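In: structural data only, the sequence is not supplied:
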């Protein structure tokens, strides 16, 4: 199989959170990222966090569609990890020059990372909003919008007399979530 | 549903593509003419998309974590393995929520269930059947035991001795240490030991339990257990005949006791077909003992006696040992259990038979 098609398959797998594909990506790339971070005042735990965040960046990129890999997958993951680690070091205000032996591997990934950070913030906002609406709203919305249960199942599980009652409750909860989320969301964007 | 929710419902059907083409055209028209509706559609789409992506993001992170740990364990990446305590902490953190929820649900269910049982059960059940497990008297030694324990703590030496609450009998069905006994003897026991006449305690664990037939299979897990070469008796598959002479060995006290009688009926208490009735002298502690015929074939497992009449004893029919084994062997780790097919005791006189069997009958104690 040609390397490009193989990488395309891996990315398709990643988009579906397929653990086989993730395992392959992990095996082929993790050690390089770990040595970068461990050699630059990071721990193996930092390496794990940074590498996984880089994979999330890649995942979002693939999911948003139209992602074309114009370099090797390895190069992309390495560059994102490097960038993420530099940012983290900057936050910790330790300005060590990053020593890395794969200078040629780096490509420009700033835009991708910025998008990722934006998305991450939105996730945090949503997560907070969901925590704030409390039970049973939280479980009810999670059951419908995340676990994709049908209204019948939900009515049964949550003890509503019929699917219509459950639906009313769901929209009540959703209206509250919407209010919380958008207030926060607009504050963040300002 | 109130009009606002009705609108939300319509929007949701629009987003998920559940509308008919006509409905869709109409709705899009409404969107164009009514900016409020349009705004709602946009917000709703964003909200649902956010919820969905958040879920996918969390799932991905879980998969990533699992893959990381898996690969580190296999040594396929250079990350340090979680080992010993770290792993326990990791697993604890990972499952503590699930465990906590499961535990509280179990707790609530148990409380609700016991309340239910309490409310429907008669206040004073008349019990005509008495299970023959022996209550070993703990209270009598209580004070002495406590003193002993205090001494133990003082000396920081040996673990306190375990006080066994129930006792009965069991017998080997496989040379590897598998033993049949009554389920009621070991019910609720955390700690099970078996003991031969004047032998030492050996630890055993439950591998199978069938409360309905009152049967349990234990496995002796003790380095002191020495595998015998073969088992002299066999387990009978068919039922025995009325008036057949039978005998049993058991531990109503700390020594093995022989008892003899005959098969009185093919069914048990109130026509129960799982058991058979035997006329024999049995005492608490005889429970779980083998009932053998004159050929040295086990025809039943002694389990209960009728309290209202003397000498009326019930035994679980031996064919259910095979049933229990079949159920157990659905798990392939137990496929190597082999029940002795033929009795080598045929033609020997009773004394010789008992002498040979006594070595395979154990006292079973639970605490």
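Out: Structure's in. What do you need? If you're wondering where the values come from, they're calculated on a predicted model, not measured in any experiment.
In: in space, what's closest to residue 27 - neighbours in sequence excluded?
Out: I went with chain A, as the question did not name one. Once flanking residues are discounted, residue A:27 sits nearest to residue B:76: 5.5 Å by CB to CB, 6 or more residues apart in numbering or on different chains. C-beta: built from backbone N, CA, C; applies to glycine.
In: ah, I was thinking of chain B
Out: Per CB to CB, 6+ apart, closest to residue B:27 is residue B:14, 5.5 Å.
In: hang on, residue A:17 in a helix?
Out: No - counting by DSSP: H, G, I helix; E, B strand; the rest coil, residue A:17 is not found in a helix; it is coil.
In: which strand or helix spans the residue nearest to residue B:27?
Out: For residue B:14, the host element (DSSP states H and E) is helix B:3-15.
In: show the pLDDT at the residue nearest the centre of chain B.
Out: Ranked by distance to the mean C-alpha position of chain B (CA atoms, centre = their mean), the top residue is residue B:209 at 5.4 Å. For residue B:209, the model assigns a pLDDT of 88.
In: quick check on the closest residue to it other than its chain neighbours: phi, psi?
Out: Closest residue to residue B:209 apart from its sequence neighbours, by CB to CB, 6+ apart: residue B:216 at 4.6 Å. Main-chain dihedrals, residue B:216, degrees, to the nearest 10: phi -140, psi 150.
In: with chain A as the reference, measure out to residue B:216.
Out: 36 Å (CB to the nearest CB, to the nearest Å).
In: residue B:332 now?
Out: Relative to chain A, residue B:332 is positioned 27 Å away (CB to the nearest CB).
In: burial count for that residue?
Out: When neighbours are defined as other CB atoms under 10 Å in any protein chain shown, residue B:332 has 7 of them.
In: same question, residue A:74
Out: 16.
In: hang on, it is in a helix, isn't it?
Out: Yes - counting by three-state DSSP, residue A:74 falls inside a helix.
In: residue B:207: what secondary structure?
Out: Per three-state DSSP, residue B:207 ends up strand.
In: show me what the helix or strand hosting residue A:55 is packed against.
Out: Assigned by DSSP H and E, residue A:55 belongs to helix A:44-63. Packing partners of helix A:44-63 (3 or more CB pairs under 8 Å, 6 or more residues apart in numbering or on different chains; DSSP states H and E): helix A:3-15, helix A:19-38, helix A:73-91, helix A:110-133, helix B:35-74.
In: on that earlier part again, I figured the residue nearest to residue B:27 hits residue B:38, correct?
Out: No - using CB atoms under 8 Å, residue B:14 makes no contact with residue B:38, being 11.4 Å away.
In: give me the angle between the helix holding residue B:14 and helix B:35-74.
Out: For helix B:3-15 against helix B:35-74, the angle by axes from the mean of the first three to the mean of the last three CA atoms, to 10 degrees is 60 degrees.
In: so which elements touch the helix or strand just after helix B:3-15?
Out: Remark: after helix B:3-15, the chain's next helix or strand is helix B:21-33, criterion DSSP H and E. Judged by 3+ CB pairs under 8 Å, 6+ apart, the packing partners of helix B:21-33 are helix B:3-15, helix B:35-74.
In: ok, which stretches of the stretch 151-300 of chain B are helices?
Out: B:183-186 (DSSP state H, counting those that start in this stretch).
In: which residues of it score low on pLDDT?
Out: In the predicted model, the stretch 151-300 of chain B carries pLDDT under 70 at residues B:151-163, B:198.
In: ok, chain A next?
Out: If you take pLDDT under 70 as the line, chain A has these spans: A:1-4, A:66, A:93-106, A:188-190.
In: got the residues of it near chain B?
Out: Contact residues (CB under 8 Å from any CB of the partner chain) of chain A with chain B: A:17, A:19, A:22-23, A:26-27, A:30-31, A:34, A:44, A:47-48, A:52, A:55-56, A:59, A:63, A:119, A:122-123, A:126-127, A:141-142, A:145-146, A:164, A:167-168, A:171-172, A:174-175, A:177-178, A:181-182.
In: give me the distance between residue B:329 and residue B:228.
Out: Using CB to CB, to the nearest Å, residue B:329 is found at 22 Å from residue B:228.
In: revised request: answer the last question for residue B:199.
Out: From residue B:199 to residue B:228 the distance is 13 Å (CB to CB).
In: wait, doesn't residue B:24 sit right on residue B:15?
Out: No - counting by CB under 8 Å, residue B:24 does not reach residue B:15; the two are 11.3 Å apart.
In: now the angle from the helix holding residue B:14 to helix B:21-33?
Out: 120 degrees.
In: on that earlier part again, contacts only, for the residue nearest to the centre of chain B.
Out: Shown in contact with residue B:209 (CB atoms under 8 Å, 6 or more residues apart in numbering or on different chains): B:183, B:186, B:215, B:216, B:217.
In: and for residue B:319, the neighbour number?
Out: Other residues near residue B:319 come to 16 when the count uses other CB under 10 Å.
In: grab the nearest non-local neighbour of it.
Out: Leaving aside its chain neighbours, residue B:319 sits nearest to residue B:237 (5.5 Å; criterion: CB to CB, 6+ apart).
In: still on that earlier bit, how many other residues sit next to the residue nearest to residue B:27?
Out: With other CB under 10 Å as criterion, residue B:14 counts 19.
In: mind listing what it touches?
Out: Residue B:14 sits next to B:24, B:27, B:41 when contact means CB under 8 Å, 6+ apart.
In: which among the residues you listed end up buried?
Out: Those of the contacts of residue B:14 that meet the buried threshold are B:27, B:41, by 16 or more other CB atoms under 10 Å in any protein chain shown.
In: any chance of a markdown table for the contacts of residue B:14, columns pLDDT and distance to residue B:304?
Out: Formatted as a markdown table, these follow (pLDDT from 0 to 100; distance: CB to CB, whole Å):
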| residue | pLDDT | distance to residue B:304 |
| --- | --- | --- |
| B:24 | 84 | 72 |
| B:27 | 82 | 73 |
| B:41 | 85 | 72 |
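In: residue B:67 and chain A, how far apart?
Out: Distance from residue B:67 to chain A, by CB to the nearest CB: 5 Å.
In: look up how far residue B:64 lies from the most centrally placed residue in chain A.
Out: In chain A, the residue lying closest to the centroid (CA atoms, centre = their mean) is residue A:56, at 4.1 Å. Note on residue A:56: its distance to residue B:64, by CB to CB, is 8 Å.
In: endpoints of stretch A:126-144, how far apart?
Out: 16 Å (CA to CA, to the nearest Å).
In: next, the buried residues of that stretch.
Out: Burial within stretch A:126-144, assessed by neighbour count using 16+ other CB under 10 Å, is assigned to A:126, A:129, A:130, A:133, A:137, A:138, A:140, A:141, A:143, A:144.
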